[in-house]
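**Student:** Okay, structure incoming, though there's no sequence with it:
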């Protein structure tokens, strides 16, 4: 089971301003691979901008305090934002978390086509995502 940093998600009430800031100030580029892959029917239809430095992505998501309630999950990934890692074996990672005694919310494939996502808290309450992109070819 491999894990690698994939993206950081910042939540905002003004996605266009955040997008302009990160593109102008840091010179990040739009991430074209994700815009068409969004799923907006499973609890989150907020505005999102995707930018990248060519390797790691930054997801700028409209803050939505009701996602946890609508999806019946304890953890809301678009309340404060989160850091996300990609794995090649989500089921093995779930077993790993269970073995470590770490509770998690299993969102399944809900926000991006092909991505199976889980969310959990670190010891300080920061939200961590681990996902597997089942539509991608193995590295």
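**Tutor:** Great, that's in hand. From a predicted model like this one, the values you see are computed outputs, not experimental measurements.
**Student:** CA atoms for contacts and neighbours, from now on please.
**Tutor:** OK.
**Student:** Nearest residue to residue 73 in space, please, no chain neighbours.
**Tutor:** residue 105 (5.8 Å; Cα to Cα, 6 or more residues apart in numbering).
**Student:** How about the contacts made by that neighbour?
**Tutor:** Applying Cα atoms under 8 Å, 6 or more residues apart in numbering, we find residue 105 in contact with 73-75, 118-120.
**Student:** Swap in 10 Å and give it another go.
**Tutor:** 68, 72-77, 117-121, 129 (Cα atoms under 10 Å, 6 or more residues apart in numbering).
**Student:** likewise residue 26?
**Tutor:** 20, 53.
**Student:** returning to that earlier point: need the phi and psi values for the residue nearest to residue 73.
**Tutor:** phi -100, psi 120 (degrees, to the nearest 10).
**Student:** Quick check: which helices or strands does the helix or strand containing residue 128 pack against?
**Tutor:** Using DSSP states H and E, residue 128 falls within strand 127-133. Judged by 3 or more Cα pairs under 10 Å, 6 or more residues apart in numbering; DSSP states H and E, the packing partners of strand 127-133 are strand 3-12, strand 82-87, helix 90-100, strand 105-108, strand 115-121.
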